[in-house]
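# coords please:
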Amino acid sequence: MACFIEQHGLYSDDERKRIDSIIAQWRKDGTEFVRFVFPDQHGQLRGKTLVREAAESAFRTGVNMTTTLLAKDTSHKTVFPVFSRGGGFGFAGMEGAADFVMVPDPSTVKRLPWARNTCWILCDPYMNNGKVSPLGVRRHLKRATACLAEQGYNYITGLEVEFHVFRRLNDRMELADSGQPGKAPEIGLMSHGYQYLTEERYDSVSEVMELFHDTLIDLELPLRSLEIEYGPSQFELTFGPTTALQAADNMVLLRTALKQVCQRRGLLASFMCRPAIPNAMSSGWHLHQSLTGLDNNKNLFIPERDDRILSPVGEQFLAGLLHHAPGCTAFSTPTINGYRRYRPMSLAPDRAAWGRDNRGAMLRVLGGPGDPGSRIENRVGEPAANPYLYIASQAYAGLSGITHQMLAPPSADEPYKSEAVKLPTNLNDALDALRADSMIHECFGNEFVGYYCHIKEAEIERFNLEVTEWEAREYLDMF
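Model prediction:
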């Protein structure tokens, strides 16, 4: 009897040849462990580690995982009634905590430079009937880019990611520190901050920067720059342009790689938007976007007229991003903490405006006639965002602008005084905007939008039951 992957014809001839080459390389270089992982609903990697012999078989059988992993919020609590009909998801085949199958993508194999004789491979979740899981997030980005390709476009993206790195002072591993989630570690600074891009500050953390460089280059990520950011212990990395799926895969690999290499050296890398430290500066994830032609790979955002900053198709893409910005915010900023960043005059957007090389606008437009780097930089995202959903929402929004030939409003030279539509100021409002956007429902599907909102609402509900430090300061002594 044919194994799962062969039975359902999930690999092409080219992929099977690549797999033969991968297995031969594993045997040659002494690979002992292979981590099979998939990006979940939060963009977190989950999976299993197999020894090499079992890993070779996984290219035929896949790797079984429980569907309850798709039911968890950010505390890793299961928030769906998995033993009810449909497992509470509303999709057949997911009841009873049944298994799904991870199917490895042979194009994503990496050798992990920090782990002994270990390789890593991204997978896509499939149902037991051989169909791709409706909750798999990579599928949404693949579909979005396929929709653009049908219109003759390649969607190109570049990553610009801010994050924090702290010294771990106390991991808080006493018995009373466990929980769901457990207590966060006690941390100390790597730098005081507020000496933006100074060479001395860079040199003081050069060993960490060299660690980042060596790790990411070994992983073949298109690293371009390593920078000291404005806030305390804040860093920034930028990457060259790639296809959208490659950028999303790179983002999940970047986050897990930096967290792991820092953990091994007594450090904490955090992609939380605004940590609760004195004098904190919020971290953003700026997504650079452009379209190229399928036939000639030419940047289609380059304007031909001197009085234009973008081509007509670029302006329509821009208009689509603006029009759907409120509805897409729940994907670009999916955590409660991320909304601490949207502040006037803070280099973070608070409304759906655009400007020419203006860092106060949500969309910073760069380039011009003859400039092959003409692009749109969306500054709305937080670094904790699920990259597949964030980038897919941008692709769909831009395509909607092209399809409906939308017109962008005039540029906002003073973006924080613009009359543009305000962005949601909290996750509740963002989910309302998500539900109200018919384009998002059409592209992602009503079932997926409902599933996503349910998980995020569970996060909000838990937050609303907590008594915060702000409440203690505000009320405890006064009343």
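# how far out from the middle of the chain is the longest strand along the chain?
Scanning the chain for the longest strand, with DSSP state E as the assignment, gives strand 153-170. How far strand 153-170 lies from its chain's middle: 9 Å, per Cα atoms, centre = their mean, to the nearest Å.
# helices or strands up against the helix or strand following it?
Scanning forward in sequence from strand 153-170 by DSSP states H and E, the next helix or strand is strand 186-188. Contacts defined by 3 or more Cβ pairs under 8 Å, 6 or more residues apart in numbering; DSSP states H and E place strand 186-188 against strand 153-170. In this view, the C-beta of every residue, glycine as well, is placed from N, C-alpha and C.
# Mind listing the strands the longest strand of the chain pairs with, and their directions?
strand 186-188 (antiparallel), strand 234-239 (antiparallel), strand 242-243 (antiparallel), strand 267-270 (antiparallel), strand 285-293 (antiparallel) (DSSP bridges).
# Could you export the ones you listed to JSON lines, including columns for mean pLDDT, mean neighbour count and distance to Glu457?
Shown next, in JSON lines, are these (pLDDT from 0 to 100; neighbours: other Cβ atoms under 10 Å; distance: least, Cβ to Cβ, whole Å):
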{"stretch": "strand 186-188", "mean pLDDT": "94", "mean neighbour count": "15", "distance to Glu457": "30"}
{"stretch": "strand 234-239", "mean pLDDT": "96", "mean neighbour count": "21", "distance to Glu457": "31"}
{"stretch": "strand 242-243", "mean pLDDT": "97", "mean neighbour count": "16", "distance to Glu457": "33"}
{"stretch": "strand 267-270", "mean pLDDT": "96", "mean neighbour count": "22", "distance to Glu457": "24"}
{"stretch": "strand 285-293", "mean pLDDT": "97", "mean neighbour count": "22", "distance to Glu457": "23"}
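# hmm, back to that, next, the buried residues of the longest strand of the chain.
Applying a neighbour-count criterion of 16 or more other Cβ atoms under 10 Å, one finds 153-168 buried in strand 153-170.
# Tell me the one among those nearest to Lys72.
Of all the buried residues of strand 153-170, Lys72 sits closest to Phe163, with 23.2 Å by Cβ to Cβ.
# The closest one and Ser332: what is the separation?
16 Å (Cβ to Cβ, to the nearest Å).
# Could you do Phe479 as well?
Taken as Cβ to Cβ, the span from Phe479 to Ser332 is 38 Å.
# quick one: secondary structure of Thr256?
Following DSSP: H, G, I helix; E, B strand; the rest coil, Thr256 is assigned to helix.
# Measure how buried it is and give me the count.
18 (other Cβ atoms under 10 Å).
# same thing with Asp214?
Using other Cβ under 10 Å, Asp214 has 13 neighbouring residues.
# isn't it right up against Pro113?
Yes. In this structure, Asp214 is within contact of Pro113 by Cβ atoms under 8 Å, at 7.3 Å.
# need the strands for the stretch 351-479 of the chain, in chain order.
354-356, 363-366, 375-381 (DSSP state E, counting those that start in this stretch).
# how about the first one: buried residues?
Going back to what we said before, that points to strand 354-356. Trp354, Gly355.
# Remind me what that strand packs against, helices and strands.
Using 3+ Cβ pairs under 8 Å, 6+ apart, the elements in contact with strand 354-356 are strand 363-366.
# what lines up beside the strand it packs on in the sheet?
strand 354-356 (parallel), strand 375-381 (antiparallel).
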